[in-house]
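Participant: my questions are about this predicted structure, shown below with the sequence.
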Amino acid sequence: MRDQGVVRMATRNTPTTFYQDRHGNTGLEYELSKRFADSLQLDLEVETIDTLDELFEQMSEPTGPHIGAAGITVNPQRSDQVRFSTPYMDVTPQVVYRHGESQPRTLEDLYGKRIMVLKGSTLADQLRDLQTEHPDLVFEESDRVEVVDLLRLVNDNEIDHAVVYSNELVVNQAFYPAVRVGFDLSEPQPMAWALPPGEDDSLQQAVDVFFAGIRADGTLDQLVERFYGHADVLDYVGARWFAQHTLQRLPRYETLFRQAGDQYGLDWRLLAAMGYQESLWDPDAVSFTGVRGIMMLTLPTAKFVGVTNRIDPKQSIFGGARYLIWVRDQLPEDIPEPDRTWFAMAAYNVGIGHLDDARNLTRSNGRDPNRWVDVKDHLPLLSKKEWYTKTRYGYARGAEPVHYVQNIRRYHEILQWVTQPQAEMAQADAEQYHAPGILDQLPQNF
């Protein structure tokens, strides 16, 4: 590794391991691997693999990856193919089912049901071991899906059950609200990296020292909290909360939204709606990924648009407006409004590369890549293995930008509605927005 100057990491393109979002490369396994490479003053080279079987096969090859950081648990049945590092977290195998169906509580409750698990996983080996005492337990293995697909299949009632790890469920459950835990299949299992086999254990020693260090200094706990300690969702805040924040928070920043809108040719209420979706108009907001401020700018984005203090409301609002305009200008000129704005907001959320992937999928499926109504049907495909493996930028939480744009459009519509009388007021009075009675003015179905 030192001679080559690089740590070669094999991983899965999933939300619990490695993927790209608007902030760049991310995922727990990526963050751990990057820190390991940095600790050795080496570069990190990431290779995504399609199946777990492929990962284990590559690890045993002389020219294979140095580390297999792919959300795998210690599996004695793989000991002839790989070494396992010191475990860095425990995860629990869980049987999930669809809410509204009968909850399984024992293995006997799974008899006669359609059950699916990832092919090549420790969970598949565990189920095979259980079949010796439960011959009526039948399950399917598939390498054509990922965990997000399994949860979707359960959520949509296409299969009865799936067996997944607890961390995978925590990260994805908010996107599949009908999925529930039936029971734990076993006690927690240790998750670790896979390392090449052989007599030379110098790499294993280096990895073990690395994990001991980040465990001792709190880095490991911080990373686990970052990725699993919060629900990674776009919560839809109810009408009453939106109304209260409109009354209590928006007046503090409306002038800034208006000024930024005037300067960049944007509807200030659209900017305000984006700010609400991003931070609930909280200038001190900080996400688990480290983005900050009313418009939730990353450090690279802030630097790109000239923002030196992300929690300064004026800098954040004006920086967010500049970045939205820049993203919109990168889009093909033949995309008309208002679709052009919806695309720009989606790219603001998920990244322009993933938006391009969704547009290409839309085109390949015979629909119009310049229409939001068509592209929004294809963005969620970026979380499905059968589709994202065909794209340039790989896995993305494709449903998020769809909800993001739709929520902003709803907030924008409401802000337009409740501020309409304002346009008829004198300019002096229009400098500050007051909306007494907004709680009663909001549409009942909002």
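Facilitator: Looks like it arrived, so ask away. Residues are numbered from 1 along each chain as shown.
Participant: point out where the stretch 151-300 of the chain drops to low pLDDT.
Facilitator: Within the stretch 151-300 of the chain, the stretches with pLDDT under 70 are 174-175, 229-240, 288.
Participant: now the strands: where do they sit in it?
Facilitator: Per DSSP state E, counting those that start in this stretch, the stretch 151-300 of the chain has strands spanning 161-165, 179-184, 189-195. These are given in chain order.
Participant: show me the contacts for Leu137.
Facilitator: Neighbour list for Leu137: 107, 110-111, 115, 127, 130-131 [criterion: Cβ atoms under 8 Å, 6 or more residues apart in numbering]. In this view, the C-beta of every residue, glycine as well, is placed from N, C-alpha and C.
Participant: Asp50 reaches Glu146, doesn't it?
Facilitator: No - taking contact to mean Cβ atoms under 8 Å, the distance of 9.7 Å between Asp50 and Glu146 leaves them out of contact.
Participant: looking at the two, which is more packed in?
Facilitator: Summary of the neighbour comparison: Asp50 and Glu146, criterion other Cβ atoms under 10 Å, with Glu146 having more neighbours (28 against 14).
Participant: and the longest helix for the chain?
Facilitator: Among all segments of the chain classified by DSSP state H, the helix with the greatest residue count is helix 399-419.
Participant: ok, so what distance separates the closest residue to Met9 other than its chain neighbours from Arg328?
Facilitator: Taking Cβ to Cβ, 6 or more residues apart in numbering, and ignoring the residues beside it in sequence, Met9 has Ser33 as its nearest neighbour in space, at 4.5 Å. Distance check for Ser33 against Arg328: by Cβ to Cβ, to the nearest Å, it reads 35 Å.
Participant: identify the contacts common to Asp50 and Glu146.
Facilitator: When contacts are counted by Cβ under 8 Å, 6+ apart, the set common to Asp50 and Glu146 consists of Lys385.
Participant: element containing Gln94?
Facilitator: Gln94 is part of strand 93-98, with elements assigned from DSSP states H and E.
Participant: helices or strands next to that strand in the packing?
Facilitator: Counting contacts by 3 or more Cβ pairs under 8 Å, 6 or more residues apart in numbering; DSSP states H and E, the secondary-structure elements packed against strand 93-98 are helix 147-155, strand 161-165, helix 166-172, strand 179-184.
Participant: can you list the domains in the chain?
Facilitator: 6-88+191-228, 93-186, 239-441 (automatic domain parsing).
Participant: residue contacts, Asp184?
Facilitator: For Asp184, the set of contacting residues under the criterion of Cβ under 8 Å, 6+ apart consists of 92-95.
Participant: by neighbours, which of these wins?
Facilitator: The member of the contacts of Asp184 that has the most neighbours, counting by other Cβ under 10 Å, is Val95 with 25 neighbours.
Participant: quick revisit: who has more neighbours out of Ser33 and Arg328?
Facilitator: Neighbour tally, Ser33 and Arg328, criterion other Cβ under 10 Å: the higher count belongs to Ser33, 25 against 19.
Participant: residue ranges with poor pLDDT in the stretch 1-150 of the chain?
Facilitator: For the stretch 1-150 of the chain, applying pLDDT under 70 flags the ranges 21-23.
Participant: for it, which segments count as helices?
Facilitator: For the stretch 1-150 of the chain, the helices defined by DSSP state H, counting those that start in this stretch cover 28-39, 52-59, 122-131, 147-155.
Participant: out of those helices, deepest packed?
Facilitator: helix 147-155 (a mean of 23; mean count of other Cβ atoms under 10 Å).
Participant: tilt between that one and helix 399-419?
Facilitator: 70 degrees (axes from the mean of the first three to the mean of the last three Cα atoms, to 10 degrees).
Participant: dump helix 147-155 to CSV, keeping only the CA atoms.
Facilitator: Coordinates of each C-alpha in helix 147-155 appear next as CSV, following Å, rounded to 0.1, in the frame of the first residue of the first chain:
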residue,chain,number,x,y,z
VAL,A,147,-31.4,-3.3,1.1
VAL,A,148,-33.3,-0.2,-0.1
ASP,A,149,-35.0,-2.5,-2.7
LEU,A,150,-35.9,-5.1,-0.1
LEU,A,151,-37.5,-2.5,2.1
ARG,A,152,-39.4,-1.1,-0.8
LEU,A,153,-40.7,-4.5,-1.7
VAL,A,154,-42.0,-5.0,1.8
ASN,A,155,-43.4,-1.5,2.0
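Participant: and it, what does it pack against?
Facilitator: Contacts defined by 3+ Cβ pairs under 8 Å, 6+ apart place helix 147-155 against strand 93-98, strand 115-118, strand 161-165, helix 166-172, strand 179-184, helix 385-388.
Participant: any idea which of the ones you listed is most buried?
Facilitator: It is strand 161-165: most buried of the helices and strands packed on helix 147-155 by mean count of other Cβ under 10 Å, with a mean of 26.
Participant: centroid residue for the protein?
Facilitator: Among the residues of the chain, the smallest C-alpha distance to the mean C-alpha position (Cα atoms, centre = their mean) belongs to Arg397, namely 4.9 Å.
Participant: got a pLDDT number for that one?
Facilitator: Listed pLDDT for Arg397 reads 90.
Participant: hmm, Ser383 and it touching each other?
Facilitator: Yes - between Arg397 and Ser383 there is a contact under Cβ under 8 Å: 6.0 Å.
Participant: per-residue confidence for the nearest residue to Asp339 once chain neighbours are set aside?
Facilitator: Nearest in space to Asp339, with sequence neighbours left out and distances taken as Cβ to Cβ, 6+ apart, is Trp372 at 4.5 Å. According to the predicted model, the pLDDT of Trp372 comes to 91.
Participant: likewise Met425?
Facilitator: You'll see Met425 listed with a pLDDT of 39.
Participant: all good on my end, thank you.
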